[in-house]
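Chemist: Make a model of this:
(chains A and B)
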There are 2 protein chains.
Amino acid sequence: MVKLNHHYSKLNSNPQTSSTEDFFGPLTPTVAEALENASREMGSPETCKGYGPRQGYPFLREAIASHDYKGLGIESDELFISDGATTDLANFQEIFGLESRVAVTDPAPPLYIDVHVMAGRTRLPLKTGGYGGIVYLPCTEKNRFTPEIPNRPSDLIYLSSPTNPTGVALDRSTLTGWVHYAKANGAVILFDGSYEAYLRTPDAPRSIYEIPGAKEVAVEVRSFSKTAGFTGLRCSYTVVPHALKVLDGHRLFSLHSLWTQRQQTKSNGISYPVQKAAAALYSEKGQKEIRQRIDQVLSRAKALRDQLTQQGYKVYGGIDAPFLWVKGPFQEKGILATPGSHFGPGGEGFVRLQPSGAL
Amino acid sequence: MVKLNHHYSKLNSNPQTSSTEDFFGPLTPTVAEALENASREMGSPETCKGYGPRQGYPFLREAIASHDYKGLGIESDELFISDGATTDLANFQEIFGLESRVAVTDPAPPLYIDVHVMAGRTRLPLKTGGYGGIVYLPCTEKNRFTPEIPNRPSDLIYLSSPTNPTGVALDRSTLTGWVHYAKANGAVILFDGSYEAYLRTPDAPRSIYEIPGAKEVAVEVRSFSKTAGFTGLRCSYTVVPHALKVLDGHRLFSLHSLWTQRQQTKSNGISYPVQKAAAALYSEKGQKEIRQRIDQVLSRAKALRDQLTQQGYKVYGGIDAPFLWVKGPFQEKGILATPGSHFGPGGEGFVRLQPSGAL
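Modeler: Numbers count the residues shown, from 1 in each chain, chains lettered A, B, ... in the order given. This is a model prediction of the structure:
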């Protein structure tokens, strides 16, 4: 008699049935053209592509390494191309043992916690709405939505900047503190940089690898969804540095090797035309278009921020992120609103807002 | 201190670093055109698409249900679109408990077993090359490569037709026997129909759902990779019937609900242009092109079969599958050869062959 994974039924929230996030589309002209050209290639015997490298095509990994990680010493073979930040953030936990303790900002995207509930890394639901066994890192108005080092042991730490859903950019000293903590405690940081392209605060690190020592403790995930309208196309990447090793028992294990094993076994890589489209972002024209796009999204967010502030709302975010974090109930047409409680108990009383519609 | 998933290090074989399978490309004209058109749509504010339904677009699910499952009573909402049979075959096991016992044909694609090793569903490696805790179903010349009902309890049963790597089509009575076994023992069949389009033997069921009662015990996975040159594009689908329920404890659970939960949580669906390309396969022109394509591949396989038979080789497969299963050592240029041992201990002494190159 087959047995089920009983942890699945421990998930409190219903899985998202529709997305709460806008699509930031359409593709910019350069990207759309690259997608079309690569699609045409697939129809010709001379240029069609079969199975690609499971880690992603070198042309894309090299473009990312030389542009997005310029000066940070990330090599193209430390990059893994994937079909979305969701996929990698959901799957990366598979390489860790069930006894590893998870620390998550509160509020945070439900995904960070839900995958651990379903894997069996949490205990009973708490009355507050969270789960036992999870170390919640409160991000409140009081601490300026900045996660502080916990006094309970934490092994797998989820951080993001700009932080979703509060839109706050983590500063250098906060990230340095977390890197030191991880190093001292044999912890691993899963750094979600999905909205990195929106960071405008000058001192805010764009990548966790700007912090010395981060390569030894952190994985970084980024997505083309929010920056380049790829929500309907699906492309993202994850950095797993070779320097990232975990001591387990008496042996040092490379997370790069373990993640390679996971991806080589369970995935066949992602669509060639989609990778060509992503690579086009790194052309001069592609970069220019995308900068304009992001400026446009941010100016919309700023306009909404100004308007709401004038109306007397307490507003956070919207400077380093396309969304705002607003205190109080809210309802208005043409604005994408997600109740704060969607992001965990710490989101109670807030709403995440985003100007909506095609650009 | 973070702990690792120790089961990962139990995997004997190196994960595949390059594919052993040909790409069956290029895309046919109708499909390539649909891909190009959908790519163009993504670049315009009027037609671009953001996040799609995580289960796949209804236009594709409806086309599949009405064409591939005509008369079999499979509804479009029992279909889940995915980025490859590998992905779904790798992930489906997540919804089952670790105590469920896995039965796999021997030989079989390594994926069927490797994901259970990495999840912790196997015991120590066997001297024969397999893993303890797995029920191997020998497929040998003696039993005409047909998996027989085992005398040990089996809960999660992997079957495929045409069977990979032997190329043998399972007949109606064999499949009926397995469906009865699963029903009587509370087991679930994972039926891999990736090569279904190549079945030519008149009585061989194309879908496990042709067997009465199969909807209550079987999941079926199919891929556009082998039939329509989608290896570089990535698209597949999985059928999880509503009738498929599992009694665990005193409660009946719907696998459709559990798989929905898994997919809604861990995936954001697949690329819109790729789904449009797949849907174009179901147009009259698309169907005609694909039939020609498959006939072409099969006639290549038949030519190779005839040639090898004349040379004195013992040859199986190549009638209901694009590949041959050949006894003895083999080396020849222009032919894709995978050593039988890649498919498990039961593959020893054989080689899987496939005519290679674009069509």
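Chemist: could you pull out the helices for the stretch 1-150 of chain A?
Modeler: A:29-41, A:58-68, A:85-91, A:111-119 (DSSP state H, counting those that start in this stretch).
Chemist: just the stretch 251-359 of chain A next, same as before
Modeler: Going by DSSP H, counting those that start in this stretch, the stretch 251-359 of chain A shows helices at A:255-266, A:272-280, A:284-310.
Chemist: Figure out which of the helices of the stretch 1-150 of chain A is closest to B:Y313.
Modeler: B:Y313 lies closest, by Cβ to Cβ, to one member of the helices of the stretch 1-150 of chain A: helix A:29-41, at 37.2 Å. Any C-beta I mention is one placed from the backbone N, CA and C, and that applies to glycine too.
Chemist: Would you map the strands across chain A?
Modeler: With DSSP state E as the criterion, chain A has strands at A:79-82, A:102-106, A:134-138, A:156-160, A:188-192, A:218-223, A:236-239, A:245-248, A:251-254, A:315-317, A:324-327, A:335-339, A:350-355.
Chemist: Quick check: can you name the pairing partners of the first one and their directions?
Modeler: Spelled out, it's strand A:79-82. Taking DSSP bridges as the criterion, strand A:79-82 forms sheet pairs with strand A:236-239 (antiparallel).
Chemist: Give me the contacts around the partner strand.
Modeler: Here strand A:236-239 makes contact (Cβ atoms under 8 Å, 6 or more residues apart in numbering or on different chains) with A:56, A:61, A:64, A:69, A:74, A:78-85, A:87-88, A:92, A:194, A:209, A:219-225, A:259.
Chemist: try it again with 7 Å
Modeler: A:64, A:74, A:78-85, A:88, A:219-224 (Cβ atoms under 7 Å, 6 or more residues apart in numbering or on different chains).
Chemist: Kindly export it (C-alpha atoms) in CSV.
Modeler: The C-alpha trace of strand A:236-239 is given here as CSV (Å, rounded to 0.1, in the frame of the first residue of the first chain):
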residue,chain,number,x,y,z
SER,A,236,16.4,33.0,-13.9
TYR,A,237,19.8,32.0,-12.5
THR,A,238,21.3,30.9,-9.3
VAL,A,239,24.9,31.4,-8.2
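Chemist: Quick one: distance of it to the chain centre.
Modeler: 9 Å (Cα atoms, centre = their mean, to the nearest Å).
Chemist: Chain B: which of the helices of the stretch 251-359 of chain A is closest?
Modeler: helix A:255-266 (3.4 Å; Cβ to the nearest Cβ).
Chemist: average pLDDT across the closest one?
Modeler: For helix A:255-266, the mean per-residue pLDDT is 96.
Chemist: between it and strand A:188-192, how many degrees?
Modeler: Inter-element angle recorded for helix A:255-266 and strand A:188-192: 60 degrees (by axes from the mean of the first three to the mean of the last three Cα atoms, to 10 degrees).
Chemist: circling back to that earlier point, any chance of the helices of the stretch 1-150 of chain A in JSON lines, with mean pLDDT and distance to chain B too?
Modeler: JSON lines is the format used below for the helices of the stretch 1-150 of chain A (pLDDT from 0 to 100; distance: least, Cβ to the nearest Cβ, whole Å):
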{"stretch": "helix A:29-41", "mean pLDDT": "96", "distance to chain B": "3"}
{"stretch": "helix A:58-68", "mean pLDDT": "98", "distance to chain B": "14"}
{"stretch": "helix A:85-91", "mean pLDDT": "96", "distance to chain B": "4"}
{"stretch": "helix A:111-119", "mean pLDDT": "96", "distance to chain B": "5"}
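Chemist: What distance do you get for A:Q296 to A:K302?
Modeler: 11 Å (Cβ to Cβ, to the nearest Å).
Chemist: which residues does A:L199 contact?
Modeler: Counted by Cβ under 7 Å, 6+ apart, A:L199 has contacts A:P162, A:A169, A:R206, A:D320.
Chemist: Low-confidence regions, chain A specifically.
Modeler: The model of chain A has pLDDT under 70 over residues A:14-23, A:333, A:357-359.
Chemist: What about A:V188, how many residues nearby?
Modeler: A:V188: 23 surrounding residues under other Cβ atoms under 10 Å in any protein chain shown.
Chemist: Actually, A:S254.
Modeler: 15.
Chemist: Just say which of the helices of the stretch 251-359 of chain A is most tucked in.
Modeler: helix A:272-280 (a mean of 26; mean count of other Cβ atoms under 10 Å in any protein chain shown).
Chemist: follow-up on the earlier one: can you list the helices of the stretch 1-150 of chain A in JSON lines and add distance to B:A243 and mean neighbour count?
Modeler: Output for the helices of the stretch 1-150 of chain A, formatted as JSON lines (distance: least, Cβ to Cβ, whole Å; neighbours: other Cβ atoms under 10 Å in any protein chain shown):
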{"stretch": "helix A:29-41", "distance to B:A243": "38", "mean neighbour count": "22"}
{"stretch": "helix A:58-68", "distance to B:A243": "43", "mean neighbour count": "18"}
{"stretch": "helix A:85-91", "distance to B:A243": "28", "mean neighbour count": "23"}
{"stretch": "helix A:111-119", "distance to B:A243": "24", "mean neighbour count": "23"}
